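Novice: quick one, structure for this:
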Amino acid sequence: MILEQEVSKYIDNLRGRKAYEQKRSQKLGFKSFEEYIEHKLLKKLGLNNSVKHENKSLSQNKNIKKDKIAATSSCSCCSN
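Specialist: Now for the predicted structure:
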């Protein structure tokens, strides 16, 4: 699924956290360290996609609420 290059680039950038992440992968029961990193990257990408989707729906809801508020104000000072 995810490119091996991205996994190797992520592992190279771990530096001091590499030992921690290796222990974590063993603790969680992954067969290999690379498999754990791939899972971690996929999870991160999945969350980013859902956050983008939520932001889009929230902005649409705000626009609808603003339209409703503007349509319902019928006081005498605003009708002129």
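Novice: only C-alpha atoms for contact and neighbour calcs from this point on.
Specialist: Fine.
Novice: flag every buried residue along the helix or strand where K27 lies.
Specialist: For K27, the element it lies in under DSSP states H and E is helix 18-28. Using 16 or more other C-alpha atoms under 10 Å as the test for burial, helix 18-28 gives E21, Q22, S25.
Novice: who's in contact with the last one?
Specialist: Translated: S25. When contacts are counted by C-alpha atoms under 8 Å, 6 or more residues apart in numbering, S25 touches S32, F33, Y36.
Novice: in ChimeraX, how would I select the buried members of those residues?
Specialist: In ChimeraX, this line selects whichever of the contacts of S25 come out buried by 16+ other C-alpha under 10 Å:
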select :33,36
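Novice: ok, of the contacts of S25, which one's closest to L47?
Specialist: Nearest to L47, judged by C-alpha to C-alpha, of the contacts of S25 is Y36 at 16.6 Å.
Novice: from memory the closest one sits against K27, does it?
Specialist: No: with contact defined as C-alpha atoms under 8 Å, Y36 does not count as touching K27 (10.7 Å).
Novice: ranges for the helices of this protein?
Specialist: Ranges of helices in the chain, per DSSP state H, are 4-12, 18-28, 33-72.
Novice: low-confidence ranges, the protein, go.
Specialist: Where the chain drops to pLDDT under 70, the residues are 1-2, 48-76, 78-80.
Novice: mind redoing it with 80?
Specialist: Residues of the chain that meet the criterion pLDDT under 80 lie in 1-3, 47-80.
Novice: now Y10: how far from H39?
Specialist: Separation of Y10 from H39 (C-alpha to C-alpha, to the nearest Å): 12 Å.
Novice: swap in E4?
Specialist: According to C-alpha to C-alpha, E4 and H39 sit 12 Å apart.
Novice: higher neighbour count, those two?
Specialist: Neighbour count, other C-alpha atoms under 10 Å: between E4 and H39, H39 has more, with 15 against 11.
Novice: hang on, F30 packs against H39?
Specialist: No: contact between F30 and H39 fails when scored by C-alpha under 8 Å: they sit 9.5 Å apart.
Novice: before we move on, the earlier item: a markdown table for the contacts of S25, including distance to R17?
Specialist: Supplementary listing: these in a markdown table, determined by distance: C-alpha to C-alpha, whole Å:
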| residue | distance to R17 |
| --- | --- |
| S32 | 16 |
| F33 | 13 |
| Y36 | 14 |
